[in-house]
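**Q** 3D model of this:
(one chain, ligands or ions: 1)
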Amino acid sequence: MMPPASRAAVSPAFDVERVRADFPILRRLVHGKPLVYLDNAATTQKPQAVLDSLTRYYTDSNANVHRGVHLLSQLATDEYEGAREKIRAYFNAGSVQEIVYTRNSTEGINLVAHVFGAARVRAGDEVLISAMEHHSNIVPWQMLCERSGARLRVAPIDDRGELLLDEFEALVGPRTRIVAVAHMSNALGTINPVADIVRIAHAEGAAVLLDGSQAAYHMPVDVRALDCDFYVATGHKLYGPTGIGVLYGKKALLEELPPFMGGGDMIRSVTFERSTWNELPHKFEAGTPDIAGAIGLGTALDYITSIGLAEICQYEQELLAYATQVVSDVPGVQLIGTARRKASVVSFVLDGVHPHDVGTVVDREGIAIRTGHHCAQPVMDRFGVPATARASLAMYNTREDVDALGRALRRVREVFA
Ligand SMILES: Cc1ncc(COP(=O)(O)O)c(C=O)c1O
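**A** Numbering: from 1, shown residues only. Have a look, this model is predicted:
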């Protein structure tokens, strides 16, 4: 085993051993071997602080929010709304009224496709996405186009997995109502030029939704600097619980749009003739929310901030460069996704071995990677492969994890020789 100093050698400012000690699951064995968790793009592991905050909430302050004058309801409401302020600060939104709780990114995108679609998208209009989107940033727009008679347009990517910005620009026109693009691709790791995308779209009067599911835990995100109209993120990738997500929307736009689901908490008044809507952001939050999830997400963001997102970003960039080298040194490997601006994802195929078999052999070594189409089948089609194997990094991964993957991939080659 490498000494701690060399494990952390890629970025001396960042103490990976201290970080690892905060994640209890990293101490478990898998098939008798120490867990090497490299499936972070699917979901990240949770620090003890997040686990403790969930237990503490249910132990000490569980009650419904926005409903009672009793102490527990006030405590629960304070913590739940306090987490919203933490999310606002994390994304540098101007107001907590712009932060809508959702279940996950998928729900955030569906919400926008429904309410923005109902208000602004008509037959003959266009919705523009890119060729590297996750299914959850494709299908809701397809459904909107079917409902409205609008047309779905797709901006192409090149062989590195980079968006072709000129072609993207050529596709933005007076009929474009909304552009929906990943800030960072889950299948390729590509970081998109989102500031340019927003500028180009706004010049034609189109709104922009950025899918920050991947970007939000790898790099600082400033929604005001980006000037995007909507930004979605998902708690379980941000080291928080499952079942909680975030939709940022510009206040003026959210004010103008109709509600998504009807029910409790989203109303101001109800009669059988007519209902009126609650103020932002509650207008978009029908029913009892995932209170514990929101509080846990707030704690997760505190945790990330205490480590420092800029430090995490630098550490992961250095680790990505190392992982890219180690994986491409394995004979027969072809990388899928070699964009110049990338984060934390190494997607690849191994000559003559199905990715599923790669994943199975590697799992026996205690190493978790993802194999399949990564909910991005059009990306697989673009690169002419049915699936890839994907190793994805997070702040607690080490060079030793990457070395273990390199050894396991050589073992895969021996098994299938
Ligand atoms: C780029 C991207 N968009 C959207 C999603 C959907 O996230 P969720 O399933 O949490 O809604 C994911 C999840 O992998 C993703 O990577």
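**Q** Pretty sure Q48 sits against D22.
**A** Yes: counting by C-beta atoms under 8 Å, Q48 does reach D22; the two are 5.6 Å apart. In this view, the C-beta of every residue, glycine as well, is placed from N, C-alpha and C.
**Q** higher neighbour count, those two?
**A** Taking neighbours as other C-beta atoms under 10 Å, Q48 and D22 compare with D22 leading, 19 against 13.
**Q** Skipping its backbone neighbours, what lies nearest that one in space?
**A** What sits nearest to D22 in space, not counting adjacent residues and going by C-beta to C-beta, 6 or more residues apart in numbering, is P47, at 4.3 Å.
**Q** which residues touch the one you found?
**A** Contacts for P47 (C-beta atoms under 8 Å, 6 or more residues apart in numbering) come out as D22, F23, Y239, A300, Y303.
**Q** For burial, what's the neighbour tally of the residue nearest to A203 when sequence neighbours are not counted?
**A** Residue nearest to A203 in three dimensions, not counting chain neighbours: V172, with 7.8 Å by C-beta to C-beta, 6+ apart. A count of nearby residues for V172, using other C-beta under 10 Å, gives 21.
**Q** Phi first, then psi, for V172.
**A** phi -90, psi 120 (degrees, to the nearest 10).
**Q** And the one 4 residues further on, by the same measure?
**A** Note on T176: its backbone torsions stand at phi -70, psi 120 [degrees, to the nearest 10].
**Q** What confidence value was assigned to A417?
**A** You'll see A417 listed with a pLDDT of 81.
**Q** what do you get for G68?
**A** pLDDT recorded at G68 is 78.
**Q** so which of the contacts of P47 also contact the ligand?
**A** With C-beta under 6 Å from any ligand atom as the criterion, no member of those is in contact with the ligand.
**Q** Next up, identify which helix or strand D363 is on.
**A** Using DSSP states H and E, D363 falls within helix 355-364.
**Q** name the helices or strands packed onto the helix or strand following that helix?
**A** Next along the chain after helix 355-364, taking DSSP H and E as the criterion, comes strand 367-368. Using 3 or more C-beta pairs under 8 Å, 6 or more residues apart in numbering; DSSP states H and E as the contact definition, the elements that strand 367-368 packs against are strand 36-37, helix 399-415.
**Q** in its sheet, what does the shortest one sit against?
**A** Its sheet considered, strand 36-37 pairs with strand 367-368 (parallel) by DSSP bridges.
**Q** what's downstream of the partner strand, the next helix or strand?
**A** Next along the chain after strand 367-368, taking DSSP H and E as the criterion, comes strand 370-372.
**Q** That next one vs the ligand: in contact?
**A** No: contact of strand 370-372 with the ligand (C-beta under 6 Å from any ligand atom) is absent, the minimum separation being 9.5 Å.
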